[in-house]
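Asker: structure of the sequence below:
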Amino acid sequence: MHGFSGSNVTSIRLVNRYGPCSPFETKELLSLEQILLKDQLRVNYLLKGAVKSSTESRLDDSKASISAMKAGGEYVITVGYGTPNLEQTVIMDTGSDLSWIQCKPCSVCYSQQQPMFDPSQSSSYAAIPCNSPDCSQLRGSCSSSCSYVVRYGDGSTTSGVYSYDRLTLSPNDVIEDFLFGCGTDNEGLFHDIAGLVGLGRGKRSLVSQTSQVYHSLFSYCLPSTPSSTGFLKLGEPGDASNTVYTRMQTSFNYPSFYFVDLTGISVAGQQLDISPSVFASGGTILDSGTTITRLPASAYGALRSAFRSYMSQYPAAPPNEILDTCYDFRGYKTITVPKVALHFGDGVTLDVDFSGILFDYCLAFSGDQVDGLGIIGNVQQRTFEVVYDVGNERIGFAPHACS
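Answerer: Numbers count the residues shown, from 1 in each chain. All right, here's what the predicted structure looks like:
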């Protein structure tokens with residue numbers, strides 16, 4: 001990072017992409033089937049990360065290939081690019097490093113609602129030259145500018161040039177010479193969205209680029225419903241007194257992802273009989289872009305049977321895609337759902353908020369297709385301030401934080 005003005009904490013409003021608080025006019029809510037299909041594509045991307053990163057050093061072409069996601073991530077923030085500042089609404093993604101936006105002149109672009117960024121209109125913009133150390137470090141291809149390609153799990157791509165420009169996080173917080181991808185060929189990916197902000201652990205991420213100011217610390221709170229707002233905060237989290245921390249784990253195969261040490265699950269205060277080795281074999285990713293939490297098959301089986309026994313008074317509804325424990329609550333004015341808690345290393349317990357237990361009247365967990373690897377999705381993270389203290393390699397949780 002080459003320059004910064006502002007404070008060492010900044011907070012940005014975060015909203016559900018499809019909710020009434022979203023800046024997009026077309027707030028057509030996706031059907032459950034569409035949400036779950038997108039979610040499965042996201043999971044496929046995360047699971048393929050191991051394969052991609054192990055081959056990343058032997059690329060079959062000269063362009064830098066970055067693993068990335070397809071259409072997950074339902075939470076967006078609005079930031080400003082360039083001088084003068086152009087507002088761009090982007091997906092917040094803890095599973096990606098490179099931030100990118102669509103740029104003019106666009107050879108292939110999807111429709112976005114906000115004006116597209118035009119580098120020629122920004123006095124602070126600079127494309128990274130191909131002979132610079134930055135380009136060789138990024139393994140970009142060499143023409144007149146430093147090119148990048150992001151390959152998506154389903155074969156889609158975004159490509160363009162590595163660039164520097166001013167990034168405005170809030171009226172008072174401005175990052176000079178922020179490294180991002182100026183995408184001029186973006187095929188069928190996000191629709192409406194200007195791009196993505198990467199919050200992963202790699203060098204290109206916003207977290208790494210601002211580490212001198214925010215000390216590799218960020219947090220977010222995902223709201224309980226699409227009609228309420230949350231935040232993304234860079235720098236020190238809020239009230240630290242009620243934040244509990246568990247150590248952040250690192251995976252050689254997935255170096256950009258955030259792993260946590262999930263050790264157990266409780267239903268209605270009773271810890272389920274699951275061997276900790278079930279979670280330890282593949283590890284557990286904490287991810288902002290996956291919706292439904294994926295558990296190793298044996299762990300999910302134990303959770304499902306305990307949950308079903310507590311819910312036996314309610315009539316079952318047909319399963320819905322990956323959600324196999326669903327209920328018909330018609331005619332009920334109130335429903336009682338058992339508490340679900342996730343247990344982590346260092347004695348940390350996360351009591352999942354009521355809004356994070358059921359998703360469309362179904363238990364919001366699924367048995368993972370690849371036994372061993374778990375993913376904690378964003379439904380279970382709702383209402384908590386989730387703190388990523390990357391410098392100290394720990395993850396924190398503070399309840400009731402969005403308000």
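Asker: quick one: low-confidence ranges for the stretch 1-150 of the chain?
Answerer: Applying pLDDT under 70 to the stretch 1-150 of the chain flags the ranges 1-2, 25-29, 48-73, 139-143.
Asker: all strands of it, in order?
Answerer: 3-5, 10-16, 64-68, 75-81, 86-93, 100-102, 126-127, 141-142, 146-152 (DSSP state E, counting those that start in this stretch).
Asker: can you list the strands that the longest one pairs with?
Answerer: Think strand 86-93. With DSSP bridges as the test, strand 86-93 is paired with strand 75-81 (antiparallel), strand 195-198 (parallel).
Asker: could you identify which of those strands is most buried?
Answerer: Highest mean neighbour count of those: strand 195-198, a mean of 27 (counted as mean count of other CB atoms under 10 Å). Where C-beta positions appear, they are placed from N, C-alpha and C, glycine not excepted.
Asker: what does that one contact?
Answerer: With contact meaning CB atoms under 8 Å, 6 or more residues apart in numbering, strand 195-198 is reached by 73, 77, 79, 88, 90-93, 96-102, 181, 183, 190, 204-206.
Asker: ok, the residue lying closest to residue 244 once chain neighbours are set aside - contacts?
Answerer: Leaving aside its chain neighbours, residue 244 sits nearest to residue 348 (4.8 Å; criterion: CB to CB, 6 or more residues apart in numbering). Residues counted as contacts of residue 348 (CB under 8 Å, 6+ apart) are 244-246, 397.
Asker: pLDDT score for residue 229?
Answerer: Here, the pLDDT recorded for residue 229 equals 94.
Asker: surely it meets residue 20?
Answerer: No. Counting by CB atoms under 8 Å, residue 20 is not a contact partner of residue 229; they are 10.3 Å apart.
Asker: which one's more surrounded, the two?
Answerer: Between residue 229 and residue 20, counted using other CB atoms under 10 Å, the more crowded position is residue 229 (14 against 11).
Asker: coming back round to it: and the strands paired with strand 86-93: which comes nearest residue 312?
Answerer: strand 75-81 (34.6 Å; CB to CB).
Asker: mind listing residues that contact that closest one?
Answerer: So strand 75-81 is contacted by 12-17, 22-23, 86-92, 101, 117, 122, 165-169, 180, 193, 197, 220, 222, 230, 232, 288, 378 (CB under 8 Å, 6+ apart).
Asker: show me this structure divided up by domain.
Answerer: Taking automatic domain parsing as the reference, the chain has its domains at 3-234, 240-398.
Asker: output the strands of the stretch 1-150 of the chain in a markdown table; the columns should cover distance to residue 342.
Answerer: Converted to a markdown table, the strands of the stretch 1-150 of the chain look like this (distance: least, CB to CB, whole Å):
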| stretch | distance to residue 342 |
| --- | --- |
| strand 3-5 | 36 |
| strand 10-16 | 22 |
| strand 64-68 | 26 |
| strand 75-81 | 20 |
| strand 86-93 | 22 |
| strand 100-102 | 32 |
| strand 126-127 | 45 |
| strand 141-142 | 43 |
| strand 146-152 | 30 |
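Asker: now the nearest residue to residue 325 once chain neighbours are set aside: how far from residue 35?
Answerer: Nearest residue to residue 325, sequence neighbours excluded (CB to CB, 6+ apart): residue 363, at 3.9 Å. Using CB to CB, to the nearest Å, residue 363 is found at 15 Å from residue 35.
Asker: for those two, indicate the residue with more neighbours.
Answerer: Per other CB under 10 Å, whichever of residue 363 and residue 35 has more neighbours is residue 363, with 23 against 18.
Asker: show me the strands in the stretch 201-350 of the chain, by range?
Answerer: Going by DSSP E, counting those that start in this stretch, the stretch 201-350 of the chain shows strands at 217-221, 230-234, 244-249, 258-260, 262-267, 270-271, 284-286, 293-295, 316-317, 326-327, 340-344, 348-351.
Asker: good, we can wrap up now.
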